[in-house]
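Participant: Model the following, please.
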Amino acid sequence: MKADVLNDISPLPGTAGFGTVLRSIRTAFLDEWTAKREEARRERDRLRSEVVSTTQAGRPHATLLTAGQSAGGITEILDVAEVMHELVVEAEAALARAPELVKAASHKDRRHAPRV
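Facilitator: As a prediction, the model looks like this:
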């Protein structure tokens, strides 16, 4: 999700320059403060401290799980069975090509081996 409320809590660097918006996995913290952005602006120091302290305590999932811009490119959520099927199909195809790759590598090694 685009976490616009983070620019309310910590205006820099998001509101400067290119006006970027951080992406994050949805959390209860973001859901709560996205609905109360004006209050988040007033409480920015406390909320910024909360994000920092939960992260330092090894609990970033309590406030903010950054996801990078690639999160915006996700267009579908695949079923695990579908992902596993694709993985097996691709692995089988790679294994089917393995003998010819080994043969080609072996032939190449023989050409470059020192003659005795």
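Participant: Identify the residue nearest the spatially most central residue of the chain in space, chain neighbours excluded?
Facilitator: By Cα atoms, centre = their mean, the mean C-alpha position of the chain lies nearest to Ala67, the distance being 4.2 Å. Of all residues not flanking Ala67 in the chain, Arg23 sits nearest, at 4.7 Å (Cβ to Cβ, 6 or more residues apart in numbering). C-beta coordinates here come from the backbone N, C-alpha and C atoms, glycine included.
Participant: what separates the one you found from Ser53, distance-wise?
Facilitator: 22 Å (Cβ to Cβ, to the nearest Å).
Participant: These two: who's more crowded?
Facilitator: Arg23 (18 against 12; other Cβ atoms under 10 Å).
Participant: thought that one was touching Leu6?
Facilitator: No. Using Cβ atoms under 8 Å, Arg23 is not in contact with Leu6, being 9.8 Å away.
Participant: Convert the helix or strand where Glu32 lies to PDB, retaining C-alpha atoms only.
Facilitator: Per DSSP states H and E, Glu32 falls inside helix 28-34. The C-alpha coordinates for helix 28-34 follow below in PDB (Å, rounded to 0.1, in the frame of the first residue of the first chain):
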ATOM      1  CA  ALA A  28      -2.800  -2.000  12.000                       C
ATOM      2  CA  PHE A  29      -0.600   1.100  12.700                       C
ATOM      3  CA  LEU A  30      -0.900   2.300   9.100                       C
ATOM      4  CA  ASP A  31      -4.600   1.500   8.900                       C
ATOM      5  CA  GLU A  32      -5.300   3.400  12.100                       C
ATOM      6  CA  TRP A  33      -3.200   6.500  11.200                       C
ATOM      7  CA  THR A  34      -4.200   6.600   7.600                       C
END
